[in-house]
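Based on what follows, work out the 3D shape:
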Amino acid sequence: MLAADATGATTLPTSPAGLPLLGRGSRDGGDAARDRAPTSLGDRALAATELDFGARSALRPPRRRTVLLAVVLGVPLAVLAVQFRAEVEHQLADIPAPSWPWLPLCGLGTVLYYVSNGVALRAGSGLPVGVRVATGVQFAAAAANRIIPAGLGAIAINLRFLERRGLPRSAGVATIASIRVVCGLVHIAALVCVAGLLGDSRMTAALTGPLRDTMSSVGLGPVCIGVGAVLAVLVVVLTRHRVRDRLRGPLATFRAHLSGLAHSPGRAAALSGSLAGTKVAQVIALTASERAFGGNVSVLSVAAVYLVGSAVAGAAPTAGNVGAIEPALAIGLTAAGGPAAAMVTAVLVFRLITYWLPVAPGVIALTALRRRGDL
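Numbers count the residues shown, from 1 in each chain. This is a model prediction of the structure:
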């Protein structure tokens, strides 16, 4: 218990040397005594024994139930692998061996992608952040994004970094929102530019064909009804006083941030250019992977496939659009004239290099940033 002196002030229990005893989470003198560091030889031996026991428990062999589950799952998979081995080998025989000099170019495009994202964060926030640190934040955000869907992991990492660098939370949210808005505008501008350069070609027809087929099969009336229903729900939600009151402050901060960007041409140009650089870097990586497997699709067609495929896959609620962007890119490259088996492999290798391999440096960057106090 805490003692009080004659003046009524509360004092802490002290040691024989006159120092206060501050045990973590202690509620009385006994807890404080237990929380003190071991000083005698016996206390140190007891602490070492406890640590050794904890290490042994962590390295304890798996339980029989875990082993049984692994066997139950592993045996059917092994049987299927043996049964379909010949068919898989026949399918893989159609895939050419990769041309390895193209794969480092795919890796270079991946590095340029994260560097461009770091420059975009620096330009959008206006903070004096080094490009190396900002790029490390993007690698860490990519590692977090592999777990949390819809880009929420990257948003959390970037927001935490901006707050640790002195930016208020409302301003950090406005920064991330403005980067997303400008990224969407850049994506639309890139789509229009690539479509104009392609003209009326087979690639344009292949990209717009699914949309036309969907519209013709569903019908213009049901599509208009669906769009009208979505707009009506948004209007009803946004006209509620409680919702408007909660959005008034963040929207004011967002408008102020966009106004600051508009009045700073240098920052706006750096933000737009870096976000355009992310698209160029991804197109470089996808083109290099496609060339590595014997494809001969033009760079403009690859750019169109990537822009359309990433826009369509963006609606998927999975982390990093896994399971949505791969078939979209493979189908698009095949429609552009690439061999089907080779294009599927090229897309999988592209995703391996640009999406999965950055997890390792992302974990390292995440640890380093936490150690530096930036997260």
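
unless I'm mixing things up, P358 is touching F139, no?
Yes: the pair P358 / F139 is scored as a contact, 5.9 Å apart, by CB atoms under 8 Å. Glycine gets a C-beta too; all of them are placed from N, C-alpha and C.

the strands in this protein, which residues?
Remark: strands assigned in the chain by DSSP state E are 3-4, 10-11.

dump the residue contacts of C106.
In this structure, C106 makes contact with I284, A285, L286, A288, S289, A292, V349, F350, I353, T354, judged by CB atoms under 8 Å, 6 or more residues apart in numbering.

and the third one, what does it touch?
Taking CB under 8 Å, 6+ apart as the criterion, L286 is in contact with C106, G109, V302, V305, Y306, L329, A346, V347, F350.

wait, which of those residues is closest to V192?
Using CB to CB, Y306 is the member of these that lies nearest V192, at 14.9 Å.

Any idea how many residues pack against the closest one?
Burial of Y306, expressed as a neighbour count using other CB atoms under 10 Å, amounts to 24.

isn't it right up against L329?
Yes: distance between Y306 and L329: 6.8 Å, which falls inside the contact criterion (CB under 8 Å).

just the helices in the stretch 201-350 of the chain please.
Using DSSP state H, counting those that start in this stretch, the helices assigned to the stretch 201-350 of the chain run over residues 202-218, 220-238, 241-262, 265-292, 299-313, 325-335, 340-351.

closest to I157 out of the ones you listed?
I157 lies closest, by CB to CB, to one member of the helices of the stretch 201-350 of the chain: helix 265-292, at 16.8 Å.

Which parts of that closest one count as buried, going by neighbours?
267-268, 270-272, 274-279, 281-292 (16 or more other CB atoms under 10 Å).

quick one: average pLDDT of it?
When pLDDT is averaged along helix 265-292, the result is 93.

and the angle from it to helix 325-335?
Between the direction of helix 265-292 and that of helix 325-335, the angle (axes from the mean of the first three to the mean of the last three CA atoms, to 10 degrees) works out to 70 degrees.

Sketch out the low-pLDDT regions of the stretch 201-350 of the chain for me.
Applying pLDDT under 70 to the predicted model, the residue ranges of the stretch 201-350 of the chain that meet it are 201-220, 223, 238, 243-245, 247-250, 314-323.

80 instead, please
Along the stretch 201-350 of the chain, the parts satisfying pLDDT under 80 run over 201-224, 226-228, 230, 233-263, 312-324.
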